[in-house]
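J.: coordinates only, sequence not included:
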């Protein structure tokens, strides 16, 4: 089976019951707009950008160039997920207890078909939560935005018997 979907549309569901905590959140959802603006104007983001520019100047590593120009947008999953964790009753507590699965539409479909919590590289990369330079979840981002990494799906190859 091949799955193609809007990669920035996501949901969170219970690892215990499989039921959704909320409806699908699309890339057009603007509820996190205040979060986006506050973070983009924050000293933390300004320091991250300055540090990234400096490290890029010293090393010419593309990873630091990306940090030097990082700007959050509503289209990105990060702030919309943070907003959901802060505003959906019970979601943050369940996530902190390891009882929540996060995923874009592909992850949810795979979970419903197989019972496995999986995603593939191109889909999770589109969320902004996966670091393409290290090929793993961006731990700094989960820490900075207080997102529980335990809710993230396992990243697997696009093809294969999973």
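T.: Good, I have the coordinates. Owing to the predicted nature of the structure, the values given are computational and were not obtained by experimental measurement. Numbering: from 1, shown residues only.
J.: residues of the helix or strand hosting residue 86 that come out buried?
T.: Assigned by DSSP states H and E, residue 86 belongs to helix 77-87. Neighbour counts over helix 77-87 (16 or more other C-beta atoms under 10 Å) mark 77-85 as buried. Backbone N, C-alpha and C define where each C-beta goes, glycine included.
J.: try stretch 95-114
T.: Going by neighbour count (16+ other C-beta under 10 Å), the buried part of stretch 95-114 is 95, 99-108, 110-111.
J.: before we move on, what about stretch 124-132?
T.: Within stretch 124-132, the residues that count as buried by 16+ other C-beta under 10 Å are 124-131.
J.: so residue 7 belongs to a helix, correct?
T.: No. Under DSSP: H, G, I helix; E, B strand; the rest coil, residue 7 sits outside any helix and is assigned coil.
J.: circling back: now the buried residues of stretch 124-132 as CSV including distance to residue 12, pLDDT and secondary structure?
T.: CSV is the format used below for the buried residues of stretch 124-132 (distance: C-beta to C-beta, whole Å; pLDDT from 0 to 100; DSSP: H, G, I helix; E, B strand; the rest coil):
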residue, distance to residue 12, pLDDT, secondary structure
124, 15, 88, helix
125, 19, 86, helix
126, 17, 84, coil
127, 13, 88, coil
128, 16, 86, coil
129, 13, 91, coil
130, 17, 91, strand
131, 21, 87, strand
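J.: tell me which two of the residues you listed sit farthest apart.
T.: Greatest spatial distance in the buried residues of stretch 124-132: 126 and 131, 13.1 Å, computed using C-beta to C-beta.
J.: name the helix or strand of this protein that has the lowest mean pLDDT.
T.: Least confident helix or strand of the chain, by mean pLDDT, DSSP states H and E, is helix 62-68 with a mean of 83.
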